[in-house]
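Peer 1: Whatever this is, show me its structure:
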Amino acid sequence: MRKNKFFILGIIALAAFTLGFISCDIESDSSSSSSRSYNESVQRVVFAENTATISFYNLNSNDIFLVKVNTTSNAMPAASTGRALNVSLDLTKNEAVPSRSLLESQTRTLPQIGHPQAAKFSANPPPFTRSVARSAEYPVFNPAQLGDQRSFWVETVIDSGVWVQRTATLMATGRNGNIWIADGVRTPISTAQARSLSERFDIIYPAATSLLGFEFGGGPGGHGGVDGDPKVQILVYDINDTQGNPGVAGYFWAKDLFTQAQLSSAGVSVRTNLAEIFYIDANVFTIAPDFIYSTLVHELQHMINFNVKTITHNIASETWYNEMLSMVAEDLISPKVGINSTNSGHPVQARIPNFLEAYDRIGATEWLGGSSMEDISDQYGVTYAFGAYLVRNFGGPSLIREISLNNTIGIDSISSALFNVAGVTFEEAISRFGEALIFSGNSRPGGGMSFDRTVSGSAGGTRYTAQAFDIWTMRQARNNRTGPAVYVLTPYSMRPHSVLVQSSNDWQNVSGSLSVTLERPANEGVELFLMVR
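Peer 2: Numbering: from 1, shown residues only. From the prediction side, this is the model:
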């Protein structure tokens, strides 16, 4: 039976690998104060025969972990992943992991970000004909004035597929956005709240475009996009039902960049508002404004990504990749509007607890979706954690800008950016992901990967900071345990590009020496590592 599982996604123990090539500032790297060197702490298991034995010496109340890394794009059955021989399978220091049902008394349920159909649309959109000028099918642009009213097509309830028109009033406007408040929202929005949203967006927009690029029609010399307005429209309305669940906080849906005729000819049964537009839930905005400000960053990345990848390069982003970029954008930009990594609206607090518990159920480069709020939250957690790891260890903001602006998507995009910015391959990065799950604070040897590293750097003329966080002090999403979860030493199946961290009572709090014999994985795409914390 699986026990409390720590995470760990691989680690190629290359002694020559250092962080000297990273073109950003490491502002708090002094926490690397382990008495053990990197080579003493991380051992890649090399098999000359069917078994191999690894020995550790000079242990001083250390814990040892077996880290399995599936470096392939295929799921692996348990029998193909290798195993430790002649060891105890019990890990009694950790009680059984609770079921996946939500334990209401121990965790909070966060709103979902994004419309259920929006990601599917962006991943497989109708053909979009790019033009330097606005199409004749687009409406004539007339600048909106405060107090103006306009009708918008929305669903009666999120994902209902039933479309109605709602009238909204322009209650605030800034340099970069217009804030429209729908008439009759269940949670009234004041003028002061609308202005606050506008003011935050005026900070978010230049930070996002410097890092990621521009939305369709935006930027210097831009034509204003499908509505001709250089400002982004933000509609605040009742997205969710009245049942009191958190529902959806907000979304961008690329359908709004298409004319109704284009959508109809593609067989897409939705309504367009012909605008670069975001949708925000009035109730979530009222009770969790910081979460909404972070959501604006998230959805602006999606809007920009659609222009940079789909419209400009005629490629559709994979969902995991698109969501990873949005959450890393939150990571880097949200602090500029006062949402630091200790704030509940920041992805460190909102997403990492799910990652600590669910890392083994979802590969770093896949999007399984799911029907429950917990499934979606777990998916966001794993996807964000991979991006957070990359930005803190392989080039900071420069890496994210390179990923966003290059002419590829998915693994190819990340691989190209890693090589150009940090001089490493995607395979090296995925192999070392596991280090970040084991090492933080005083446990990290010099050169070890970690989330517990603050990295600052400039991209597009703007400075950004990814703040350090220690996963060993954070609680998992659905139970009261701190740190990543650890499994017993029984072989388990593995997701594509995933890791599994395992241990035993015999490997905990060890002093002196310890030798471990391991059996070769049946599939060469699975690599085994032993790590000492």
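
Peer 1: Tell me the pLDDT of the residue most central in space within the chain.
Peer 2: Geometric centre of the chain, nearest residue: Y384, 2.1 Å, by Cα atoms, centre = their mean. On the pLDDT scale, Y384 is placed at 97.

Peer 1: immediately after the helix or strand harbouring it, which helix or strand?
Peer 2: According to DSSP states H and E, Y384 maps onto helix 373-393. Later in the chain than helix 373-393, the nearest helix or strand by DSSP H and E is helix 396-405.

Peer 1: Packing partners of that following helix?
Peer 2: For helix 396-405, the packing partners by 3 or more Cβ pairs under 8 Å, 6 or more residues apart in numbering; DSSP states H and E come out as helix 191-212, helix 289-305, helix 319-333, helix 373-393, helix 410-422, strand 455-459, strand 462-466. All C-beta spots, glycine's among them, are computed from the backbone N, C-alpha and C.

Peer 1: Which parts of the stretch 151-300 of the chain are helices?
Peer 2: 191-212, 260-265, 282-287, 289-305 (DSSP state H, counting those that start in this stretch).

Peer 1: Just name the most buried of the ones you listed.
Peer 2: helix 289-305 (a mean of 26; mean count of other Cβ atoms under 10 Å).

Peer 1: quick one: the helices in the stretch 401-533 of the chain?
Peer 2: 410-422, 426-431, 433-438.

Peer 1: Point out the most buried one among these.
Peer 2: With a mean of 29, the top stretch among those by mean neighbour count (mean count of other Cβ under 10 Å) is helix 433-438.

Peer 1: That one - what's its average pLDDT?
Peer 2: pLDDT averaged over helix 433-438 gives 91.

Peer 1: for stretch 392-403, same thing?
Peer 2: Mean predicted confidence for stretch 392-403 is 97.

Peer 1: how far out from the middle of the chain is that stretch?
Peer 2: Averaging C-alpha positions (Cα atoms, centre = their mean, to the nearest Å) puts stretch 392-403 14 Å from its chain's average.

Peer 1: Flag the shaky bits of the chain, pLDDT-wise.
Peer 2: 1-34, 88-110, 130-137, 242-246, 371 (pLDDT under 70).

Peer 1: In JSON lines: the helices and strands packed on helix 396-405, plus distance to V526.
Peer 2: Below are the helices and strands packed on helix 396-405 laid out as JSON lines (distance: least, Cβ to Cβ, whole Å):
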{"stretch": "helix 191-212", "distance to V526": "35"}
{"stretch": "helix 289-305", "distance to V526": "32"}
{"stretch": "helix 319-333", "distance to V526": "21"}
{"stretch": "helix 373-393", "distance to V526": "19"}
{"stretch": "helix 410-422", "distance to V526": "18"}
{"stretch": "strand 455-459", "distance to V526": "30"}
{"stretch": "strand 462-466", "distance to V526": "30"}
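
Peer 1: need the helices of the stretch 401-533 of the chain in a markdown table with distance to L530, can you?
Peer 2: Formatted as a markdown table, the helices of the stretch 401-533 of the chain follow (distance: least, Cβ to Cβ, whole Å):
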| stretch | distance to L530 |
| --- | --- |
| helix 410-422 | 26 |
| helix 426-431 | 14 |
| helix 433-438 | 11 |
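
Peer 1: And these: which comes nearest L263?
Peer 2: Minimum separation from L263 across those (Cβ to Cβ) falls at helix 410-422, 26.0 Å.

Peer 1: hmm, who's touching the closest one?
Peer 2: 21-23, 317-318, 320-321, 365, 390, 394-395, 398-399, 402-403, 406, 408, 424-426, 428-429 (Cβ atoms under 8 Å, 6 or more residues apart in numbering).

Peer 1: Just the buried ones from those, in ChimeraX syntax?
Peer 2: In ChimeraX, this line selects whichever of the contacts of helix 410-422 come out buried by 16 or more other Cβ atoms under 10 Å:
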select :22,317,318,320,321,365,390,394,395,398,399,402,403,406,424,426,428,429
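
Peer 1: wait, which of the helices and strands packed on helix 396-405 is closest to W507?
Peer 2: The nearest among the helices and strands packed on helix 396-405, by Cβ to Cβ, is helix 373-393 at 24.4 Å.

Peer 1: For the closest one, which helices and strands make contact with it?
Peer 2: Using 3+ Cβ pairs under 8 Å, 6+ apart, helix 373-393 sits against strand 112-113, helix 319-333, helix 347-358, helix 396-405, helix 433-438, strand 462-466.

Peer 1: elements contacting the last one?
Peer 2: Using 3+ Cβ pairs under 8 Å, 6+ apart as the contact test, the elements touching strand 462-466 are helix 191-212, helix 319-333, helix 373-393, helix 396-405, strand 455-459.

Peer 1: got those as JSON lines, with distance to N178 columns?
Peer 2: Below are the helices and strands packed on strand 462-466 laid out as JSON lines (distance: least, Cβ to Cβ, whole Å):
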{"stretch": "helix 191-212", "distance to N178": "8"}
{"stretch": "helix 319-333", "distance to N178": "20"}
{"stretch": "helix 373-393", "distance to N178": "28"}
{"stretch": "helix 396-405", "distance to N178": "25"}
{"stretch": "strand 455-459", "distance to N178": "27"}
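
Peer 1: between these, which gets nearest to P496?
Peer 2: helix 319-333 (10.6 Å).

Peer 1: Could you tell me the angle between the closest one and helix 396-405?
Peer 2: 140 degrees (axes from the mean of the first three to the mean of the last three Cα atoms, to 10 degrees).

Peer 1: For P126, find the nearest of the helices of the stretch 401-533 of the chain.
Peer 2: Comparing those by Cβ to Cβ, helix 410-422 comes nearest, at 20.9 Å.

Peer 1: just the angle between that closest one and helix 319-333, please?
Peer 2: Using the same axes, to 10 degrees: helix 410-422 against helix 319-333 is 40 degrees.

Peer 1: picking up where we left off before, can I get the helices and strands packed on helix 373-393 in TSV with distance to I292?
Peer 2: Listed next are the helices and strands packed on helix 373-393 as TSV, based on distance: least, Cβ to Cβ, whole Å:
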stretch	distance to I292
strand 112-113	10
helix 319-333	12
helix 347-358	12
helix 396-405	22
helix 433-438	29
strand 462-466	21
